[in-house]
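>>> Below: sequence and its predicted model.
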Amino acid sequence: MFDSKLIKKLDRIDTPFYYYDLELLRDTLSEVKQESDKYNYKVHYALKANANDRILRMMNEYGFGADCVSGYEVRRALEKGFDPRKIVFAGVGKADWEIELGIEAGIAAFNVESIPELEIIDEIAGKKRKIANVALRLNPNVNANTHHYITTGLEENKFGINQWDLEKVVDVLLKLNNVRFIGLHFHIGSQIMNLEAFKDLCLRVNSLQEWFVSKRLFPKVLNLGGGLGVDYENPEKNPVPDFKKFFALFDEILELKPGQEVHFELGRSMVAQSGTLISKVLYVKEGVHTKFAIIDAGMSDLIRPALYQAYHKVENLSSDLPEEKYDVVGPICESSDSFGKAINLPKTGRGDIIAIRSAGAYGEVMASRYNLRRLPLAYYSDDDLF
Ligand SMILES: *Cc1c(COP(=O)(O)O)cnc(C)c1O
């Protein structure tokens with residue numbers, strides 16, 4: 001990804017910033033499109049992974065829909081030209097204005113996470129004399145075996161409608177006049193590397209949908225959510241996740257009924273590998289066990305390591321000297337502001353360019369102004385600069 005010509009160009013830009021490889025992004029999206037089209041599956045891109053204009057425009061060009069988790073994201077998707085009939089809206093805490101916005105826009109579905117939410121959507125739709133499409137987000141109690149902060153499909157999590165509420169939700173649904181039941185929605189977690197979890201999900205979906213059909217509620221749409229992981233350890237070796245295997249698994253195990261549609265909401269797997277956080281070394285300081293490489297990017301630019309103990313591969317693009325061990329840390333006044341402990345890097349000095357890889361998802365979009373820092377800028381491989 002980073003040849004010496006590119007490194008020279010990156011070197012001239014004020015750090016820290018995000019660099020997006022649009023060629024890799026196009027390769028990734030083509031792969032998603034090709035593999036999902038095989039089965040006529042519909043993919044909605046999860047905006048929360050990265051909502052940059054350029055990236056959203058590309059998602060739209062490829063024909064993907066938008067998976068939103070706030071009214072602000074619904075608004076952004078509409079502004080960027082997504083067809084409202086390809087916008088879905090999930091989230092446990094939708095405010096009234098967000099529900100109104102979705103109804104006014106005529107979005108494809110509210111993914112409803114609780115009985116009280118279902119009743120409020122019905123009430124608001126009624127006042128507007130409209131019918132709102134709803135899919136029920138069910139908590140399938142499937143363990144995605146991922147970090148507990150990004151697991152969402154267990155009964156202890158706040159997401160979705162739990163097993164014990166199913167009878168009640170059907171009773172409520174059958175009484176309401178301003179909502180139309182269109183299907184079932186699931187999302188069990190993120191950064192899932194072991195496809196067994198998706199297999200378990202499919203089996204749960206097979207039996208849950210039978211139950212709904214027995215209650216005379218036909219789920220026209222089965223939305224399996226997102227969650228496919230990426231190889232953070234080897235971004236060079238595995239730049240594009242194995243979408244072929246991913247979609248084939250659903251084709252193999254899901255038991256579809258005539259007329260049913262299968263939807264996905266992928267975020268991370270579509271954008272993570274195409275983004276890199278570029279930073280420079282400010283100081284190298286001796287520590288007790290290792291040296292500290294203090295860089296100018298911090299948790300305000302990329303919070304994943306601090307928030308979820310997430311691993312990102314760190315590379316020194318400027319040096320090819322023999323390796324030494326470094327704690328790579330940011331400038332922010334928090335001990336968790338660290339990108340890696342005792343990692344091997346070629347001998348590192350002030351001014352060296354540091355690349356923090358696989359940062360295209362949940363990176364820039366989570367940036368904050370903590371310590372009153374500026375938000376990181378973004379550059380794209382097809383900018384004139386490159
Ligand atoms: C975050 C989220 C996604 C996308 O998850 P990834 O792990 O990034 O693929 C999909 N659906 C819902 C409801 C989400 O909250």
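Perfect, I can see it now.

>>> Distance check, the residue lying closest to residue 159 once chain neighbours are set aside against residue 2.
Distances taken as Cβ to Cβ, 6 or more residues apart in numbering put residue 152 closest to residue 159, at 4.5 Å, once the chain neighbours are dropped. Where you see a C-beta, it was placed from the backbone N, CA and C, and this is true even at glycine. Plainly put, residue 152 is 34 Å away from residue 2 if you go by Cβ to Cβ, to the nearest Å.

>>> okay, the two: which has more neighbours?
Under the neighbour definition other Cβ atoms under 10 Å, residue 152 and residue 2 were set side by side, and residue 152 has more, 22 against 17.

>>> Which residues lie in contact with that one in this structure?
For residue 152, the contact set (Cβ atoms under 8 Å, 6 or more residues apart in numbering) comprises 144, 159-160, 187-190.

>>> Now for the residue most central in space within the chain: which residues touch it?
Nearest residue to the geometric centre of the chain (Cα atoms, centre = their mean): residue 267, 3.2 Å. Contact analysis of residue 267 by Cβ under 8 Å, 6+ apart lists 45-50, 67, 190, 226, 361-362.

>>> Next, find the distance separating it from residue 4.
Using Cβ to Cβ, we find residue 267 at a distance of 33 Å from residue 4.

>>> do residue 304 as well
Using Cβ to Cβ, we find residue 304 at a distance of 29 Å from residue 4.

>>> Which one's more surrounded, these two?
Taking other Cβ under 10 Å, residue 304 and residue 4 do not tie; residue 304 has more neighbours (22 against 8).

>>> pLDDT score for that one?
pLDDT recorded at residue 304 is 98.

>>> Just give the closest residue to it, not the sequence neighbours.
Leaving aside its sequence neighbours, residue 304 is closest to residue 310 (3.9 Å, by Cβ to Cβ, 6+ apart).

>>> Distance check, the one you found against residue 99.
From residue 310 over to residue 99 the distance is 33 Å, taken as Cβ to Cβ.

>>> now do residue 131
From residue 131 across to residue 99, the span is 13 Å (Cβ to Cβ).

>>> Same check on residue 116?
From residue 116 across to residue 99, the span is 12 Å (Cβ to Cβ).

>>> Neighbour count for those two, which is higher?
Ranked by neighbour count (other Cβ under 10 Å), residue 116 and residue 99 place residue 99 first, with 21 against 10.

>>> For residue 283, what is the enclosing helix or strand?
Element membership of residue 283, judged by DSSP states H and E, is strand 275-286.
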